[in-house]
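> Show me how the following folds:
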Amino acid sequence: MAGHSEAFKIDPISQFEIERLIPIHIGNLDASFTNAAVSMGLAVLLASAFLILSMRQRALVPGRFQSMGEIAYEFVSGMMHDTIGHGGKPFFPLVFSLFMFVLFCNFLGLVPYELPLGSFHGFTATSHIIVTFALASVVFLLVVLVGLIKHGAHFFSLFVPKGVPVVLLPLIVLIELISFLTRPLSLSVRLFANMTAGHTMLKVFAGFIVMMGLSHSAIGYAGATLPLLFSVAITGLEFLVAFLQAYVFAVLTCIYLNDAIHLHDH
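From the prediction side, this is the model:
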């Protein structure tokens with residue numbers, strides 16, 4: 001038992017390590033193909049396959065698979081209509097793509113699987129802040145460009161709320177500017193932190209189960225029951241969180257676009 005205990009260690013952070021599967025170096029640039037790239041590529045392929053296959057027949061009376069695709073479409077379309085209105089139609093492809101990409105990345109991290117690519121195993125790309133920050137930066141830059149193209153210099157009135165006393169105006173403008181500039185950080189940290197925390201907790205409880213089982217005793221097996229039940233409950237909760245975080249990312253994108261399109265009119 002002592003030997004087993006020494007050999008086994010709980011390392012909940014190891015699941016987030018980036019591994020080079022195909023080393024690629026261009027000068028001083030490390031462009032290696034990693035497990036994160038595989039995970040994101042797999043998410044794109046699965047999301048694309050899901051949408052293509054669900055819309056392949058285009059039946060007047062949809063089957064189950066087609067209904068799932070239509071529900072996803074109508075869900076995002078309704079969300080955009082509620083937050084932006086008709087002015088959000090040109091941005092539907094982007095918001096829908098972001099929602100599906102984040103959703104499939106989140107779900108893939110919860111499904112245990114392995115691929116014949118060296119040591120590749122299930123990986124959650126959205127548990128890395130560099131990935132979520134890149135997505136948030138795209139949204140932020142789009143919002144700024146849309147605001148400037150649509151309103152010109154008047155876009156900067158976004159930082160001047162209506163009805164603010166002149167005395168408080170410099171302070172309010174500074175607060176609004178800081179709040180606006182921190183949007184990419186808050187948007188990326190929210191997704192990254194939720195996915196990282198949930199997966200870390202799952203790994204910790206899974207480690208407890210293995211440690212109890214290594215005792216090879218009735219007490220150990222009985223003691224493993226509680227963390228096993230917690231793991232099952234947390235796994236179910238994590239699937240809900242995976243969907244909610246994709247929804248939150250998409251709805252915040254819509255809110256930011258609404259600010260750029262309508263400024264203070266909303």
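> can we go C-alpha only for contacts and neighbour counts from here?
Noted.
> So what's the residue count around Met195?
By other CA atoms under 10 Å, the residues close to Met195 number 23.
> Excluding chain neighbours, what is closest to it?
Leaving aside its chain neighbours, Met195 sits nearest to Ser127 (5.3 Å; criterion: CA to CA, 6 or more residues apart in numbering).
> you'd agree the one you found is up against Ile18?
No: the pair Ser127 and Ile18 does not pass the contact test of CA atoms under 8 Å, sitting 11.1 Å apart.
> the more surrounded of the two?
Shown here are Ser127 and Ile18; by other CA under 10 Å, Ser127 has more neighbours (26 against 14).
> any idea of the pLDDT on the residue nearest to Met195?
Predicted confidence (pLDDT) for Ser127: 89.
> who's in contact with it?
16, 191-193, 195-196 (CA atoms under 8 Å, 6 or more residues apart in numbering).
> where in the chain is pLDDT low?
For the chain, the stretches with pLDDT under 70 are 1-11, 113-122, 213-223, 264-266.
> what about the strands in it?
Assigned by DSSP state E, the chain shows strands spanning 20-22, 25-26, 29-30, 33-34.
> and those strands as CSV, adding mean neighbour count and distance to Met80?
Formatted as CSV, these follow (neighbours: other CA atoms under 10 Å; distance: least, CA to CA, whole Å):
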stretch, mean neighbour count, distance to Met80
strand 20-22, 16, 38
strand 25-26, 9, 42
strand 29-30, 10, 39
strand 33-34, 16, 34
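> Reformat those as a markdown table; add distance to Glu74.
A markdown table is the format used below for the strands of the chain (distance: least, CA to CA, whole Å):
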| stretch | distance to Glu74 |
| --- | --- |
| strand 20-22 | 38 |
| strand 25-26 | 43 |
| strand 29-30 | 41 |
| strand 33-34 | 34 |
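> Show me which of the contacts of Ser127 are buried.
16, 191-192, 195-196 (16 or more other CA atoms under 10 Å).
> Serialize those residues to TSV and add fields for distance to Leu252.
Listed next are these as TSV, based on distance: CA to CA, whole Å:
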residue	distance to Leu252
Phe16	26
Leu191	12
Phe192	15
Met195	17
Thr196	20
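> Now the two most distant members of those.
Farthest-apart pair in the buried ones among the contacts of Ser127 is Phe16 and Leu191; separation 14.7 Å (CA to CA).
> before we move on, back to that, go through the contacts of Ser127 and name the one nearest Phe155.
The closest of these to Phe155 turns out to be Leu191 (CA to CA; 27.9 Å).
> ok, the residue nearest to that closest one when sequence neighbours are not counted - contacts?
Among residues not flanking Leu191 along the chain, Gln245 sits closest, at 6.1 Å (CA to CA, 6+ apart). Residues near Gln245 by CA under 8 Å, 6+ apart: 103, 191, 194.
> How about Pro12?
Contacts for Pro12 were tallied using CA under 8 Å, 6+ apart; they are 199-201, 203-204.
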